[in-house]
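Enquirer: Dropping a prediction and its sequence here:
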Amino acid sequence: MQTAYTKEELRSMLAPLRARGPVVLVPTMGALHEGHASLLRQARRLAGAEGTVVASIFLNPVQFDNAGDLAAYPQTPRQDLHVCESCGVDLVFMPTPGHMYSKDRSMAMEETCLSTVLCGASRPGHFAGVCLVVCKLFNLVQPTDAIFGKKDYQQLAILRRMVRDLDIPITLHGAEIVREADGLALSSRNVRLSPEHRAAAPAIRRSLLAARAAYAAGDAPGDICAAVKATLSAIPGVRVDYAELVDAATLGPISDENRLALLALAAWFGEVRLIDNIELSRS
Ligand code: AMP
């Protein structure tokens, strides 16, 4: 496994590898866990024995709308390299923020529809920051494929829109959410939960499963969302940011019940904001 710390190193390490087969990119912000590992293993399978798997580890300051969240974000670079190695990654790109962004950067990337709802409504500028860094990574790595987790369902939808609208010649793949045995979706932020909130957090998954059953049984979206909010708000120190039932493709209101729906939520467990989601259908 090779490690590139600069754009120049990345380009020169990648150049001889391109002709061999697919180049599959997995962008991450580090503090890697089993959720990231599943994306990396999927990338390895997709790239095949001859292809190249690139993982980027970059805590992107531009996508943080909250300075405290950025400062508290866990960073475990040595451990991350071990995870990458054990998942068969060929090349890790670990730039510094100062190297990634020019001081006088004046370009921005804005998606103007899907970014206005759910997390986009409560985290202004977040998805613009995500699109900017992913676009830069796409230009630097020029992968054939890239893999993103459905844990960040809205992010995946927005990046699919970016690739479509800007004719970026990269195939995106969505990977299933990896969970703890008790149902909590793995997240780099989970280590920041208090013991009490860690113990209570599986209620998120339970409320989503109850929502799926209620939706299949024909319950009204408004009632389903209210039940999820009531369950989670009853936990001491928990504040629900949003719990919404939307069309899984448009992220807008459900207009056709035959289409796949999505219940997405974000909730503050003390100082830690957790997100999760579940796909729903009426049958
Ligand atoms: P992050 O480091 O949080 O930016 O995540 C990097 C990638 O890993 C994103 O595409 C996430 O959606 C994905 N990811 C994070 N947590 C999980 C999880 N529990 N299951 C599957 N994918 C995940």
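Expert: Perfect, thanks for sending it.
Enquirer: The residue lying closest to residue 187 once chain neighbours are set aside: how many residues sit nearby?
Expert: The shortest distance from residue 187 to any non-neighbouring residue, by C-beta to C-beta, 6 or more residues apart in numbering, is to residue 274 (6.5 Å). The C-beta positions use only the backbone N, C-alpha and C, and glycine is treated the same way. For residue 274, the neighbour count with other C-beta atoms under 10 Å is 21.
Enquirer: which residues does residue 144 contact?
Expert: Residues in contact with residue 144 (C-beta atoms under 8 Å, 6 or more residues apart in numbering) are 22, 23, 24, 170, 171.
Enquirer: Partner strands of whichever strand or helix holds the residue nearest to residue 187 and their direction?
Expert: Assessed by DSSP states H and E, residue 274 sits inside strand 272-280. Sheet pairing of strand 272-280 (DSSP bridges) gives strand 261-269 (antiparallel).
Enquirer: got the residues of this structure near the ligand?
Expert: 28-29, 35-36, 38-39, 148-149, 151-152, 175, 177-178, 185-188 (C-beta under 6 Å from any ligand atom).
Enquirer: Narrow those to those in helices?
Expert: Counting by DSSP state H, the part of those found in helices is 35, 36, 38, 39.
Enquirer: Take those and write them to TSV, including neighbour count and pLDDT.
Expert: Shown next, in TSV, are those (neighbours: other C-beta atoms under 10 Å; pLDDT from 0 to 100):
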residue	neighbour count	pLDDT
35	19	98
36	25	98
38	18	98
39	25	98
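Enquirer: What is the nearest of the residues you listed to the ligand?
Expert: residue 35 (2.6 Å; C-beta to the nearest ligand atom).
Enquirer: ok, the closest one touching residue 190?
Expert: No. Assessed by C-beta atoms under 8 Å, residue 35 is found out of contact with residue 190, at 10.2 Å.
Enquirer: coming back round to it: can you pick the most crowded of the contacts of residue 144?
Expert: residue 24 (30 neighbours).
Enquirer: and the nearest residue to residue 64 once chain neighbours are set aside, what does it touch?
Expert: Closest residue to residue 64 apart from its sequence neighbours, by C-beta to C-beta, 6+ apart: residue 70 at 4.0 Å. By C-beta under 8 Å, 6+ apart, residue 70 lies in contact with 59, 61, 64.
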